[in-house]
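Engineer: give me a model of this one.
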Amino acid sequence: MLLYLILAALSATLVRLMVRVGALDHPVERSSHTMPTPKGGGVGIFAAYVVGMIWLLHTGRAGLHPMITVPAALFLAMVSYFDDLRDWPFLAKLSAQLAASCAVLMGGMVVTLVLLPGHGVVAIAGPLGAVLSLGWLLFVSNAVNFIDGLNGLASGSVALAALALAAGTTGSLAVQACVLAAGIVGFLPFNYPRAKIFMGDVGSQVIGFLAADLALQAARQPRVSFVVPLALLPILADVAFTLLRRARRGERLTQAHRGHLYQVANRAGMAAWQVTLVYWGMGAWGGALGLAFGAYGQGLLCAGAVIAVDLAPFAAWGAFVRWTAKRAGLTAW
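Structural biologist: So this is what the prediction gives:
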């Protein structure tokens, strides 16, 4: 516990420094903020993560997989930080995500089986495991980046997923999850409920990548195989729903916009801190369902029911946002 407190303090110290020296994020039409605000707070999160993982690798408590994950995440963090400074095109960011993801896969983290509570092994045949693993890493990295538009929403959601995972397992996986959560906890007081600084891409892309990597590792442990996906399901569903809606309209998917459910709710008059609490609540609900399923779940039918139950609050949220948007005179889908 002392180590995690030290890492949270390290993160907070570096985030405070970045408040003074970080590049300013100037508001544009699609922004939720109205005043220039420093960005780059993710530097503190990632630095705390790296220090924690190096120490734990030195003591033999983190396993061997982080020897691949840490350098891959470091490369992604460097590219993301320069993107924060220079605003690189989406293809450059995607290339960095692809390189980091491929490094993880070549390090052996390809999901070829999932251990399902009450059912046993679900095998993933042939190259499909590598394709699904790569798609998962890329989608979650981008989803967390896309959802990072309101104070604390993305960072808090990932922290809740990591803490839920740590609550359900032990050993290296629990240690990695706690180290990630500690770095985020050090950042959050500077970002929620009022933002003194934003994570920037160096934070959102990297914590999304690390959360996706934790989920791949957890797929091999039946008690926690569903925890991270269920905890992140609200933000993943928001991104997927928005992408599908924009694709149906023929809009360019890589173009920045303000059409996510959380953005529509905020534009319709709901306070940013309230929207964030809604997503935190849905994330905590998903994490609890994942832990319950790991302890008491029985087979594929139960897994489908758990996913449906996890999606129910999101469906209700979507209906509420649409109603609120219509009342505010915003374009509804």
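Engineer: so where's the chain shaky on pLDDT?
Structural biologist: Where the chain drops to pLDDT under 70, the residues are 25-34, 119-120, 125, 254, 256, 332-333.
Engineer: contact partners for the residue positioned nearest the centre of it?
Structural biologist: Closest residue to the average C-alpha location of the chain: residue 208 at 3.7 Å, with C-alpha atoms, centre = their mean. Residue 208 makes contacts with 140-145, 154, 158, as judged by C-beta atoms under 8 Å, 6 or more residues apart in numbering. To be clear about C-beta, it is placed using only N, CA and C from the backbone, and glycine gets the same treatment.
Engineer: tell me which of those residues is nearest to residue 315?
Structural biologist: residue 143 (18.1 Å; C-beta to C-beta).
Engineer: so where does that closest one fall, helix or strand?
Structural biologist: helix 128-147 (DSSP states H and E).
Engineer: next, the angle from the helix or strand that that helix is followed by to helix 128-147.
Structural biologist: Toward the C-terminus, helix 128-147 is succeeded by helix 153-168 as the next helix or strand (DSSP H and E). On the basis of axes from the mean of the first three to the mean of the last three C-alpha atoms, to 10 degrees, helix 153-168 is oriented at 130 degrees to helix 128-147.
Engineer: next, count neighbours for the nearest residue to residue 41 once chain neighbours are set aside.
Structural biologist: Nearest non-adjacent residue to residue 41, counting by C-beta to C-beta, 6 or more residues apart in numbering: residue 197, 4.3 Å away. Neighbours of residue 197 under the rule other C-beta atoms under 10 Å: 25.
Engineer: what residues are up against the residue nearest to the residue nearest to the centre of the chain when sequence neighbours are not counted?
Structural biologist: In this structure, residue 208 finds its nearest non-sequential neighbour in residue 144, 3.0 Å apart by C-beta to C-beta, 6+ apart. Residues counted as contacts of residue 144 (C-beta under 8 Å, 6+ apart) are 154, 157-158, 204-205, 207-208, 211, 235.
Engineer: now do residue 155
Structural biologist: So residue 155 contacts 45, 148, 184, 187-188, 191, 199, 203-204, 207 (C-beta under 8 Å, 6+ apart).
Engineer: from residue 114, how far off is it?
Structural biologist: 28 Å (C-beta to C-beta, to the nearest Å).
Engineer: just to revisit the earlier point, ok, so of the contacts of residue 208, who is nearest residue 60?
Structural biologist: Residue 60 has its nearest neighbour among these in residue 158, at 26.2 Å by C-beta to C-beta.
Engineer: ok, now which ones touch that closest one?
Structural biologist: 144, 180, 184, 207-208, 210-211, 232.
Engineer: can you list those in TSV and add distance to residue 95 and secondary structure?
Structural biologist: Below are the contacts of residue 158 laid out as TSV (distance: C-beta to C-beta, whole Å; DSSP: H, G, I helix; E, B strand; the rest coil):
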residue	distance to residue 95	secondary structure
144	18	helix
180	24	helix
184	26	helix
207	19	helix
208	16	helix
210	19	helix
211	21	helix
232	24	helix
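Engineer: neighbour-wise, give me the winner out of those residues.
Structural biologist: Most surrounded of these: other C-beta under 10 Å gives residue 207, at 34 neighbours.
Engineer: if I pick it, what's in contact with it?
Structural biologist: So residue 207 contacts 42, 45, 144, 154-155, 158, 180, 184, 199 (C-beta under 8 Å, 6+ apart).
Engineer: stretch 100-107: which residues count as buried?
Structural biologist: Buried residues in stretch 100-107, counted by 16 or more other C-beta atoms under 10 Å: 100-101, 103-105, 107.
Engineer: switch those over to JSON lines; also include distance to residue 121 and secondary structure.
Structural biologist: JSON lines is the format used below for the buried residues of stretch 100-107 (distance: C-beta to C-beta, whole Å; three-state DSSP):
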{"residue": "100", "distance to residue 121": "28", "secondary structure": "helix"}
{"residue": "101", "distance to residue 121": "24", "secondary structure": "helix"}
{"residue": "103", "distance to residue 121": "27", "secondary structure": "helix"}
{"residue": "104", "distance to residue 121": "22", "secondary structure": "helix"}
{"residue": "105", "distance to residue 121": "20", "secondary structure": "helix"}
{"residue": "107", "distance to residue 121": "22", "secondary structure": "coil"}
